[in-house]
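**Q** Following is a predicted model, sequence given first.
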Amino acid sequence: MGKVMTESRDGKIDLVPVPIADVKTEVIEGELLLYDPRQTKAIYLNASAAVIWSLCDGRRQVREIIRLIKEGYPDAKTTLTEDVLATLDQLYESGVLVVKQDA
């Protein structure tokens, strides 16, 4: 299926994150709730993390996700790349994202 994101910062931008199959999503008071029934665990995402999650479609590389966010939020802080990578790392560690394996 996939693997956890363990590459260096430079290597991470070429990876393609993909949500695990059974994750359920629900919007609650402006935040996105992810629920993984296999782990019986819920993860709350703020608005920024929810945008990142929505761009993880199994087709886009991390570099494209970062580019799209920079285009959508041109006044974003200069640590945007690091913030996106940190959010993705948290999603990988939570078990709701994996790295797409080459076919």
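**A** Cool, the structure landed.
**Q** Tell me which other helices or strands the top helix by length along the chain touches.
**A** Ranked by residue count under DSSP state H, the longest helix found in the chain is helix 80-94. Packed against helix 80-94 by the contact rule (3 or more CB pairs under 8 Å, 6 or more residues apart in numbering; DSSP states H and E) you find helix 9-12, strand 17-19, strand 41-45, helix 47-55, helix 62-72, strand 97-100. The C-beta positions use only the backbone N, C-alpha and C, and glycine is treated the same way.
**Q** would you list the ones you listed in a markdown table and tack on mean pLDDT, mean neighbour count and distance to residue 81?
**A** Below are the helices and strands packed on helix 80-94 laid out as a markdown table (pLDDT from 0 to 100; neighbours: other CB atoms under 10 Å; distance: least, CB to CB, whole Å):
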| stretch | mean pLDDT | mean neighbour count | distance to residue 81 |
| --- | --- | --- | --- |
| helix 9-12 | 72 | 12 | 8 |
| strand 17-19 | 95 | 20 | 15 |
| strand 41-45 | 90 | 15 | 19 |
| helix 47-55 | 94 | 18 | 12 |
| helix 62-72 | 95 | 16 | 5 |
| strand 97-100 | 92 | 21 | 17 |
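**Q** Distance to residue 25 for these - can I get that in CSV?
**A** Converted to CSV, those look like this (distance: least, CB to CB, whole Å):
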stretch, distance to residue 25
helix 9-12, 24
strand 17-19, 9
strand 41-45, 9
helix 47-55, 8
helix 62-72, 17
strand 97-100, 13
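**Q** Out of the ones you listed, which gets nearest to residue 78?
**A** Of all the helices and strands packed on helix 80-94, it is helix 62-72 that lies closest to residue 78, at 10.5 Å by CB to CB.
**Q** other SSEs contacting that closest one?
**A** helix 47-55, helix 80-94.
**Q** Of all these, which one comes closest to residue 33?
**A** Across the helices and strands packed on helix 62-72, closest to residue 33 is helix 47-55 (CB to CB), at 9.7 Å.
**Q** Just want the angle from that closest one to helix 80-94.
**A** 70 degrees (axes from the mean of the first three to the mean of the last three CA atoms, to 10 degrees).
**Q** please renumber so the chain begins at 775
**A** Got it, the first residue is 775 from now on, which makes the last one we talked about helix 821-829.
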